[in-house]
Structure formats: structure tokens, C-alpha cells
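Chemist: Quick one: sequence plus predicted model below, questions after.
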Amino acid sequence: MKTRRLSKNFLYVPLIFMAIFYLIPLYVMLVTSFKSFAEVDLRTMWNLPRGIHFDNFVEAYSKLAPSLWNSFAMVIPAAVLSSALGSLNGYIFAKWKFRGADLVFPFILFGMFIPYQSILIPLVQFMNAVGLKGLLGLTLTHIIYGIPITTLTFRNYYASLPQELLEAAKIDGADMLKIYRHILLPISIPSFVVVLIWQFTSAWNDFLFAVVLTGNKDWPITVALNNMAGSQIIAWNVQMAGSLLTALPPLLVYILAGRYFLRGLLAGSLKG
Amino acid sequence: MIMRGEGTANKSPHPLKNWIQVLNMRKLIKDKDRVLSVLLVSPSILAVLIFIYVFIGWTVRVSLSKWKGLNPDYSWNGLTNYINLFSDPRFAVDIRNTVIFTGVFVVGSILLGFLLAVLLDQGLKGEGFFRSLFLFPMAISYIVTGVVWRWLMNPATGSRTSGFNLLFSYLHLDFLQNAWHTTPTWGIAAVALAAIWQMSGYTMALYLAGLRAIPHELREAAQIDGASEVQIYRFVVLPLLTPITLSALIILGHMSLKVFDLIIAIAGKQLPLDVPAIYMWQTTFDGLFYGRGAAISILLLISVAVLIIPYIVYTLKNESFK
């Protein structure tokens, strides 16, 4: 037993080694962001900063601020609306199956795996035709292409609830909407958290839709950061601070609600 | 007792008739609910129908057209756009890069994810902390990962050495220094390293869920039979994890076919690191070769569908057996 425990402790060696590997990019982002302009040098990029300075952040924020707020303005309604739709759809696909529901469902699921390039040309044409280019069109796009995964997550949750729960309510004369509002909605809060986090993160991190649907006035932060990194004028240290700024909102969500994030992750591979 | 019975009788003189009424009411509610549920779900179904299936059909039509330039041109071009792609040297580079990227990324993420899951499954203290640590890159945008890794993989040499190459020289591992993503032919493998950093936590989560689902009795039984720890993994655990490996292969495989933002953020639109998703984007929206762009995207869709459709069908079928 003793040797077993001892050998178990050796397992910390590879674990810590791996932890360092995962932390390296975060380390570089952090130390670079907090260095003063005078200290910034690619040849000393691994050194700790000699003090806490916000030069890089101020510079990055001044460049990225409008895009940062664009991202919030787009992501929040997108996450809320696609979660609401997903919950309603999930309820119906789990508990009110209409004729052909089981046939329709896989076609909806397929939508979450397609390479979006295959709908990009019509999407841009469509948004131009209806005058919805820009942030509003991007929000709508995230709501629509969010339907498959939000529907799936809620359907799986509602399907796991016992049918008796509904039958009892039906005998008491509750109709479909009443059952949803008074019985299912109150107990779906955890699923809402999972889906909201998932939609928030994926809309925040999206680049492809954003780059074709928005112009430089309504760029979300991922597009603005990429353009900042591509320009020769903006120093790498400011790019690092900008990266941290871009990563921060989803990272905070992850730190605060990691457990729910993981469940969304597994749902995305149909394993939720 | 009699009083109560009389009372009931007074309120409903024909009990049977009353029941029929109740049943009719319930059927009515049921019909109403059924109509309502279809009504509520139809906007979403319609949206999916239009924004996925009609749009795919539309893209197919564009891919069979001569559309080149700002204005739509649907004049028939047959399969020309597709045929041209197969003699297009840029598309050949794309296919080579996709194959290399997929190989490195999928194998790397599965091996690393499995290793991490097994390590975390040993009941060590701090398991939750390590698990969160390995997963956090998943929350970050590919663009952020790309921008940071681009500086980590800085290929500059001499006095301008930085990033990993500088770290290697600190550690006296100079032989590991290399040109990373600027390496000819194999540069895309360096991009796959960044992708492994981002996605291996996900494979770890999949395997960890699989390991937790294996009943303890099975391992104990093998232990009693005298199997060593390694043998237990080889002959008991690994075979039971085959379905997980299969889903990981499919999910990671389809991701690598779609890889786009990460490469853009690391290397911009450099030809040596080109992949179909970037070619499509560039030729369509910068070059205005809509017909060609559409053809690339449909080939991309077909390759993803070949992986994903059997997966969806299999998963849903298994689910209904439960």
C-alpha cells in the first residue's frame, strides 16, 4: 500500500509538467501585458515584469474599446434569445412530439456541424437584400445557427424528466404552456445556465460570421484583435494586452461556472 | 354516507354523460396543445430549413455557375468549377495541409487527452484544479490563441530570437529550435500544436467521462484475477473506451476540416499555410470568384457530412434503445 501511494505521488511530475505547458501562453500574455513600454523587448519576453504597469492595457483598450462593446451588444441578446428558442423547441421535441418530429430532429442537429462556409455566400446575399448587414444581422445569425445546439441540450434535459410529471399536470387540467411555465421552466435553470454560457462563449469567440457580416464600425472584438495583430504598426506587447482583453469575458465565465461550461462542451459532441 | 352519495347524484344526474364530456374536453385540450406545439416550433424549423438547407442548395447552385465579380451571375457552368479545383495547385496545397493538420491534431489531441484523463483518474489531490486548468483554453477564441502562439513560435534567429526558441536556449535545448509555422511543407504541423493546446482538454473531458462510467467492479475483478495496472488498462479499460475514441476522432476530425480562424491569426493569408476554408473565404470575398468559392465550400461540406451523418444517425439510434 505504501509503495503504491508513493508511486502515486510520482504522477504529480507529469501532471505539473503538463500544467506548465497549458499555462505558458497565459503566462506570456500576463507578464507582457503588465510590463511598461520601456521594459518591452522580445528578447526578455520570458522575464517577469519589474512592476505592475497598465501602459499596454490602456493602449490596447483605446484601440479595442468600441469593438469590445460591440461584442457585448451582440452576444447578450444572441445568447438570451437562442436559449429561449432552444428551451421551447427542446420541450416540444422531448414531450410534444408531432408527427415526423423524430425525422426532423437529426436534420436540425446536422446544422451544428456544417462548415459555415457552405452557407456564407447566400447568407451575405440575404443579409444585404434585407438590409441587415452589421451588428443586427450578426446577432440574428448567431441566434439562428445557435438553434441546433440549444434545442439539443434542452431536449436531452427534458427527455430525462419522467413522463408522469406531465401526466399528473394534464389530469389537473394544465395545458401545454401551463406545464411549461409552471413545471418545466422553474427546474430548467441549470440547463439555461449551460446553454447561455455556451452561446455566450461561441458567439463571443466567433470570427467567420463577424468578418463577413460587419464593417470596421461594428466589428466585434475578435475581428478587431485579428486586424490589430495583422498590422505592422501595433507592437506585440499591445497585441498581448489586447488578447487578454478579448479572452477575459469568456475566461471569467469559465472560472465562475466551469462545471456548466463542461456540460455544454459534452452536449456539443452529442454526449450531454 | 348516504347523504354524501345523494349530494353527488344531485350535482350530476347522469354520471356517464358527464364523463364523456370530460373526455371530450381533454381531447379538445390535447388537440389544441398539439396545434400549439407545432405552431411554436415551426419558426425554428423554418429558420433551419431556410438558413441551412435552402442556403446549402443555393450554394450548390452558385458552385455550378459562372459567377465571378460583384454581380450575381447564375449562367450554367456545369461541374467546371469543381474540375478546375482538382488541377489547381493551390487546392493541392490545401489538401496536403489539411491531411497534415488533421493527422497531427487528431492524434496529438487524442493521445494527450487520454493521458491526462488517466492521470486524473487516479484519485490524486487537486484533481479538480488540474482538470479546470487543462480545459481553460477551450473557453478562449481561436483568434486569441493564434495571436499569442504567433509570438511564441516566432521564427526569428540570432539576436532577435524569442518565444519558444529563446526558452529552448535558456534550457540548453537549442537543438529543439526550429522555424515553426514557417517551416516549408510541415509548417502547418506547428499550427496543429496550438490547436492541440486548445482542444486536448476537450478530449480529456470526453475520456474522463468515459472512465467514470466504467463500473468499479470490473476493475476490481481484474485486480483479483492478478492483472497489473497496465494490463487492466490494456485489456479492460481501453476496449470499453472505444466508443469515446470513435466520437473524439469524428468530432476532432470534422473540426480540423473546418480549421480557419487559428491559421488566419497565426499566419494571415500566407499561401504555404492555406487550407480549403481560407481559400474559399479569400477567393470569394477578396477575389470575387463566387463560383469557385462555392465549389470549395461544397466539397468541404461533403467531407464533413461523410463523417458527421453516420455519427448523428448512430448516436440517435443508440439513444432510443435506452
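Modeler: Yep, it's here.

Chemist: burial count for the residue nearest to B:W197 when sequence neighbours are not counted?
Modeler: In space, and not counting its chain neighbours, B:W197 is closest to B:P137: 5.8 Å by CB to CB, 6 or more residues apart in numbering or on different chains. To be clear about C-beta, it is placed using only N, CA and C from the backbone, and glycine gets the same treatment. Neighbour count for B:P137, taken as other CB atoms under 10 Å in any protein chain shown: 24.

Chemist: show me the contacts for B:P137.
Modeler: A:Y22, A:P25, B:T145, B:W197, B:Q198, B:M199, B:G201 (CB atoms under 8 Å, 6 or more residues apart in numbering or on different chains).

Chemist: ok, the residue nearest to A:F192 when sequence neighbours are not counted - contacts?
Modeler: Leaving aside its sequence neighbours, A:F192 sits nearest to A:S83 (CB to CB, 6+ apart; 5.9 Å). Contact analysis of A:S83 by CB under 8 Å, 6+ apart lists A:T150, A:F192, A:V195, A:L196, A:Q199.

Chemist: B:V104 too?
Modeler: B:A189, B:A192, B:L193, B:I196.

Chemist: what comes up buried for the helix or strand hosting the third one?
Modeler: Secondary-structure assignment from DSSP states H and E places B:L193 in helix B:187-212. For helix B:187-212, the buried set under the neighbour-count rule, 16 or more other CB atoms under 10 Å in any protein chain shown, comprises B:187-208, B:210-211.

Chemist: Just give me the closest of the contacts of B:P137 to B:V230.
Modeler: B:V230 lies nearest to B:G201 out of those, by CB to CB, at 24.9 Å.

Chemist: Around residue 245, how many other residues sit close by?
Modeler: Unless you meant another one, I'm taking chain A. 23.

Chemist: Wait, chain B was what I had in mind.
Modeler: Neighbour count of B:T245, defined by other CB under 10 Å: 17.

Chemist: In the contacts of B:V104, find the pair that's most separated.
Modeler: For the contacts of B:V104, the maximum inter-member distance is 10.2 Å, found between B:A189 and B:I196 (CB to CB).

Chemist: And the helix or strand containing A:I255, what's buried?
Modeler: Element membership for A:I255 (DSSP H and E) is helix A:236-267. Using 16+ other CB under 10 Å as the test for burial, helix A:236-267 gives A:236-247, A:249-251, A:253-254, A:257-258, A:260-267.

Chemist: just the residues you listed that are near chain B?
Modeler: A:236, A:239-240, A:242-243, A:246-247, A:250-251, A:253-254, A:258, A:261-262, A:265-266 (CB under 8 Å from any CB of the partner chain).

Chemist: Distance of B:D225 relative to chain A?
Modeler: When distance is defined by CB to the nearest CB, to the nearest Å, B:D225 is 18 Å away from chain A.

Chemist: so B:L208 touches B:A117, yeah?
Modeler: Yes - proximity of B:L208 to B:A117 meets the contact threshold set by CB atoms under 8 Å, at 4.5 Å.

Chemist: Quick check: next helix or strand after the longest helix along chain A?
Modeler: Ranked by number of residues, the top helix in chain A under DSSP state H is helix A:55-95. Per DSSP H and E, helix A:55-95 leads on to helix A:101-110 as the next helix or strand towards the C-terminus.

Chemist: Give the other helices and strands that that next one contacts.
Modeler: helix A:55-95, helix A:135-159, helix B:15-48, helix B:290-321 (3 or more CB pairs under 8 Å, 6 or more residues apart in numbering or on different chains; DSSP states H and E).

Chemist: got a list of contacts for it?
Modeler: A:92-93, A:147-148, A:151-152, A:155, A:270, B:44-45, B:48, B:52-53, B:305, B:308-309, B:312-313, B:316.

Chemist: For PyMOL, what selects the buried ones among these?
Modeler: Here is the PyMOL command that selects the buried residues among the contacts of helix A:101-110 (16+ other CB under 10 Å):
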select buried, (chain A and resi 92+93+147+148+151+152+155+270) or (chain B and resi 44+45+48+52+305+308+312)
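
Chemist: residue ranges with poor pLDDT in the chain?
Modeler: No chain was given, so I picked chain A. A:1-6, A:271-272 (pLDDT under 70).

Chemist: Oops, wrong one, chain B.
Modeler: Residues of chain B that meet the cut-off, pLDDT under 70, sit at B:1-17, B:22-23, B:25-26, B:28-29, B:320-322.

Chemist: got the domain boundaries for it?
Modeler: Here the domain parsing of chain B from automatic domain parsing is B:15-63, B:88-321.
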